[in-house]
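> Generate a structure from the sequence data that follows.
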Amino acid sequence: MGGTAAVGYRHLACASVYGNEAAVRVWLTGSSVGGLRRQEIWFTPEFGTDYQAEDVVVASCLQSLRDLRLEHLNHYSRF
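Below you'll find the model as predicted:
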């Protein structure tokens, strides 16, 4: 993710099944964010189509919040 913020990216899509939420968390805590505030970054974690039941979707969302160490998401979508 290196210079992602430096080149202007502000929208990050991630998903536990992509295996990139840990990398996003590391990026967020690193210096490559370039002083951006949380409000300047849009997060869209995704869940799979096989996770349709409400309780499974809620559990998946909560897991993404924990993995990313965020208090809120901007959007939660299905892939």
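
> so F43, which of the three states?
Counting by DSSP: H, G, I helix; E, B strand; the rest coil, the backbone at F43 sits in strand.

> give me the number of residues near it?
Residues near F43, counting by other CB atoms under 10 Å, number 21. C-beta here means a position set from N, CA and C on the backbone, and glycine is covered the same way.

> Same question for E40.
Residues lying near E40 (other CB under 10 Å) number 11.

> give the contact list for it.
R10 (CB atoms under 8 Å, 6 or more residues apart in numbering).

> i'd like the first residue to be 41 from this point on
With 41 as the first residue, the last one maps to E80.

> what's the least confident helix or strand in the chain, going by average pLDDT?
Ranking every helix and strand in the chain by mean pLDDT, DSSP states H and E puts helix 61-69 at the bottom, with a mean of 82.

> so what secondary structure elements neighbour that one?
Helix 61-69 makes packing contacts with strand 51-54, helix 94-108 when contacts are defined by 3 or more CB pairs under 8 Å, 6 or more residues apart in numbering; DSSP states H and E.
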